[in-house]
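Chemist: no FASTA, just this:
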């Protein structure tokens, strides 16, 4: 039995409450993780986890052992981070989460460049628009756009983007161009929904109630509908820049102060940030720039 591997497996199972989720975080099979935990219990001579058909429970001994085991793994990780900052090559697994549309356009290409510079690094990149739990789901880093909820996570600002109003030339020719926010409220607006309704837009320092034929939880859908002449979009600059450059969309109400959204990197609080996380954060901040490259010629 490799004791450290078994301790790591036990901690991940206890933290995530599932052999399956622990196995996914460790990149191992569920069977192997289960065997590692059973080997640790045999080594210690005590049961650490009480298994039922529905969930796992820590025994009293398991609760005590988990605290010490977490401290051991944290100390090893911090020691590795201290050494890692002194070497040029980064290695090991790195799990990253990011939003879908931004991730495909601007995160994935930079991840590929970063991996090319560090061939010993293994990356798992998951893209979705839900708020993941970094600790429960085992992510080292998440990229988030917009305001951040209070949490124990550490946030580093990497760049920003602006929300821009735009429509197709065809739509403006058929419906006219709104000159004021009041006029905008009477137009066909394509609404982006996250969680609740997308009927309220923040524009020029005020909230505007809008209506229109389409609501979606995906920004690419909104942009495609705007290009098709279905209505007016209020979308991040990283989504509409190419359409604006090509003339498929036209900016409107440019005198109204746009909403600016920060782009952050989020990671769990640690005494020493792992070199691979710190290195990727530095790389992304430099690659995107501030103001970001997708806005520089607007």
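Modeler: Noted; the coordinates are in hand. All figures in this text were calculated on a predicted structure; none of them were measured in a lab.

Chemist: Tell me how far the residue nearest to residue 107 when sequence neighbours are not counted lies from residue 66.
Modeler: Spatial nearest neighbour of residue 107, chain neighbours left out: residue 98 (4.6 Å); criterion: Cβ to Cβ, 6 or more residues apart in numbering. Using the backbone N, CA and C atoms, a C-beta is placed for each residue, glycine as well. Computed with Cβ to Cβ, to the nearest Å, the distance linking residue 98 and residue 66 is 30 Å.

Chemist: And these two? Which one has more around it.
Modeler: residue 98 (26 against 19; other Cβ atoms under 10 Å).

Chemist: Please name the residues that touch that one.
Modeler: 107, 125, 126, 127, 142, 143 (Cβ atoms under 8 Å, 6 or more residues apart in numbering).

Chemist: Now a ChimeraX select for only the buried ones of the residues you listed.
Modeler: Selecting only the buried entries of the contacts of residue 98 in ChimeraX, with 16 or more other Cβ atoms under 10 Å as the criterion:
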select :107,125,127,142,143
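
Chemist: Turn the contacts of residue 98 into TSV, columns for secondary structure and pLDDT.
Modeler: Formatted as TSV, these follow (DSSP: H, G, I helix; E, B strand; the rest coil; pLDDT from 0 to 100):
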residue	secondary structure	pLDDT
107	helix	96
125	strand	95
126	strand	93
127	strand	93
142	strand	94
143	strand	95
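
Chemist: what kind of secondary structure is residue 112 in?
Modeler: Following DSSP: H, G, I helix; E, B strand; the rest coil, the label given to residue 112 is helix.

Chemist: Tell me the confidence at the residue of the chain most remote from its centre?
Modeler: Centroid-distance maximum for the chain: residue 45 at 41.2 Å, with Cα atoms, centre = their mean. The model reports residue 45 with a pLDDT of 90.

Chemist: can you list contacts of the one helix or strand residue 70 maps to?
Modeler: Element membership for residue 70, per DSSP states H and E: helix 60-84. Outside helix 60-84, the residues that touch it by Cβ under 8 Å, 6+ apart are 4, 7-8, 10-11, 14, 44, 46-50, 58, 90, 270-276.

Chemist: now the angle from whichever helix or strand comes after it to helix 60-84?
Modeler: The helix or strand immediately downstream of helix 60-84 is strand 92-98, counting by DSSP H and E. Per axes from the mean of the first three to the mean of the last three Cα atoms, to 10 degrees, the angle that strand 92-98 makes with helix 60-84 is 100 degrees.

Chemist: quick one: strands adjacent to strand 92-98?
Modeler: According to DSSP bridges, strand 92-98 forms sheet pairs with strand 121-127 (parallel), strand 141-145 (parallel).

Chemist: Next, format the contacts of residue 98 as TSV and append distance to residue 151.
Modeler: Shown next, in TSV, are those (distance: Cβ to Cβ, whole Å):
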residue	distance to residue 151
107	21
125	22
126	19
127	21
142	11
143	15
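
Chemist: so what's residue 249 up against?
Modeler: 166, 167, 168, 223, 226, 227, 233, 240, 243.

Chemist: Quick one: the strands paired with strand 92-98 as JSON lines, columns for distance to residue 289 too.
Modeler: Below are those laid out as JSON lines (distance: least, Cβ to Cβ, whole Å):
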{"stretch": "strand 121-127", "distance to residue 289": "21"}
{"stretch": "strand 141-145", "distance to residue 289": "15"}
